[in-house]
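>>> Prediction below, plus the sequence it came from.
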Amino acid sequence: MTKTILFTIIIVFLFGFSSCKNEDYTPKPKAYFRIDLPKKTYQVFDKSFPYSFDYPTYALIKRDNKSNAEKYWININFPDYNATIHLTYKPLTNNLDSLIESSRKFVDKHISKASSIKEKIYENEGKKVYSIVYNIKGNEVASPYQFFVTDKNKHFLRGALYFNMKPQNDSLAPVIEFLESDIDHLISTLNWK
C-alpha cells in the first residue's frame, strides 16, 4: 500500500512539475473598459453662427482649428468617450447638389468596411430643416454616423461622428447608439438664423 501511495505522489509531482514549463502560454486579450452612460441633459449652442441647436451637457464645443477650417466649422467633443462630431457649415450659392453629392462621397468611402448603410430622412417643414442621416454599420467603419442638414435655400450643415481610436465598433456599440440619439436631438432642435 505504501508503494502505491509513493508511486501516486511521484506521478502527481511529475505531472505538476512538467506542466509548469508550458512555453505555449497565450496571454488573455485586454478587457474593454466599462461604459457608464450619463443621464441625457442638453444646453443650447446659440453663438453668432448662422445656426443654433441643443447639445449634451457632457460635451464640449470647440472651433475647428485645422488650416482648411472655415469660419463656422466646429467640433463637438465627448472627452469621456474619445469621440468627436465634426460639423462643417457652407452657405448655399446654387451649390446644394454638389454639397449633397460630396456628403454622399464621404459615406461611400466606408462601403468597403460597412456591413450595411441605412439612410434616414428627417423633415421639419415649419423650421425648414431637411436632413438625411446615414447609419453605417461595420466593425471597422471609421465614422459610424454621418448626416447633413439644409434649408434648401441658404444653409448647409454636414456632420460626422468619429472616435479618436482604431475602430472597434462592436465594442463601442453602446456608445455609438448613445451618441446617435444626441445627434438626432441636435438635428431636431436645429434652427437657422
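All right, it came through fine. Bear in mind the structure is a predicted one, so any value in this text is a computation, not a measurement. Numbers count the residues shown, from 1 in each chain.
>>> Where do the strands of this protein begin and end?
42-45, 51-56, 60-63, 74-78, 83-91, 116-124, 129-137, 145-150, 155-163, 191-192 (DSSP state E).
>>> List the buried residues for the first one?
Along strand 42-45, the positions that meet the burial threshold by neighbour count (16 or more other C-beta atoms under 10 Å) are 42, 45. C-beta coordinates here come from the backbone N, C-alpha and C atoms, glycine included.
>>> Just name whatever secondary elements it is in contact with.
In terms of contacts (3 or more C-beta pairs under 8 Å, 6 or more residues apart in numbering; DSSP states H and E), strand 42-45 is packed against strand 51-56.
>>> mind checking how far the residue nearest to residue 120 when sequence neighbours are not counted is from residue 97?
Spatial nearest neighbour of residue 120, chain neighbours left out: residue 133 (4.4 Å); criterion: C-beta to C-beta, 6 or more residues apart in numbering. Separation of residue 133 from residue 97 (C-beta to C-beta, to the nearest Å): 19 Å.
>>> quick one: low-confidence parts of this structure?
Applying pLDDT under 70 to the chain flags residues 1, 14-34.
>>> again, 90 this time
Where the chain drops to pLDDT under 90, the residues are 1-37, 139-140, 165-174.
>>> biggest helix in it, by residue count?
Criterion DSSP state H: the longest helix present in the chain is helix 169-189.
>>> Show me which positions of stretch 106-126 end up buried.
Those would be 107, 110, 114, 117, for stretch 106-126 by 16+ other C-beta under 10 Å.
>>> and the third one, what does it touch?
Residues in contact with residue 114, defined by C-beta atoms under 8 Å, 6 or more residues apart in numbering, are 136, 137, 138, 141.
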